[in-house]
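J.: What would the 3D arrangement of this be:
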Amino acid sequence: MNVSSFPPLIDERSRILILGSMPGVASLRAYQYYGNPRNFLWRILYALFDNREPDPDYEDRLAFALGNGVALWDVIANCERKGSLDSDIKLAVPNDIPGLLQRYPNIEALVCNGAKSFAELSKHYGSFPEVAGRKVIRMPSTSPIPTPQYRGLEDRLQAWRAIMEL
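T.: Numbering: from 1, shown residues only. From the prediction side, this is the model:
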């Protein structure tokens, strides 16, 4: 199935751009960034910036991210994928990350949400001056799927604390 990402959530206050790979099925259905209620991204952002649970309203979550200098987008514009797994992504076409960074020069750091995001960014744009001139860090995926190193929210939150020093 051909799937496409969302427009970027960004404004002139944004300093950190969190880059996913491609929204999962639940997020695509809801047409919401990190729309799967089991995904940890919103809980991590709220824990880091305000030490509280996420707002229930999606629009309030978007405003919270922007108000804290956090922008959201995906490295992949569209691809072929059955289900939600990054490992099933085929024929990935990248979003214009360098163009976005030219339009929003206040972005200081690119935070890749998971290995696929980092790999695709590096593959398509790693040598571009707009990317190479900024901090690029790979964080563990906020997906609810456990990995040998990251079992749940607490260990992911601990790793994601690194963005507070960007």
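
J.: and residue 48, helix, strand or coil?
T.: helix (DSSP: H, G, I helix; E, B strand; the rest coil).

J.: Please work out how many residues are found near the closest residue to it other than its chain neighbours.
T.: Excluding the flanking residues, the one nearest residue 48 by Cβ to Cβ, 6 or more residues apart in numbering is residue 164, at 5.9 Å. Where C-beta positions appear, they are placed from N, C-alpha and C, glycine not excepted. A count of nearby residues for residue 164, using other Cβ atoms under 10 Å, gives 9.

J.: got it, and residue 101?
T.: 21.

J.: One more: residue 110?
T.: Around residue 110 there are 26 residues (other Cβ under 10 Å).

J.: So it: helix, strand or coil?
T.: Of the three states, residue 110 takes strand under three-state DSSP.

J.: quick one: the helices in this protein?
T.: Along the chain, counting by DSSP state H, helices occupy 25-30, 41-50, 58-67, 97-103, 115-125, 129-132, 153-160.

J.: Columns distance to residue 16 on top of these, output as a markdown table?
T.: Converted to a markdown table, those look like this (distance: least, Cβ to Cβ, whole Å):
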| stretch | distance to residue 16 |
| --- | --- |
| helix 25-30 | 20 |
| helix 41-50 | 10 |
| helix 58-67 | 9 |
| helix 97-103 | 12 |
| helix 115-125 | 14 |
| helix 129-132 | 14 |
| helix 153-160 | 11 |
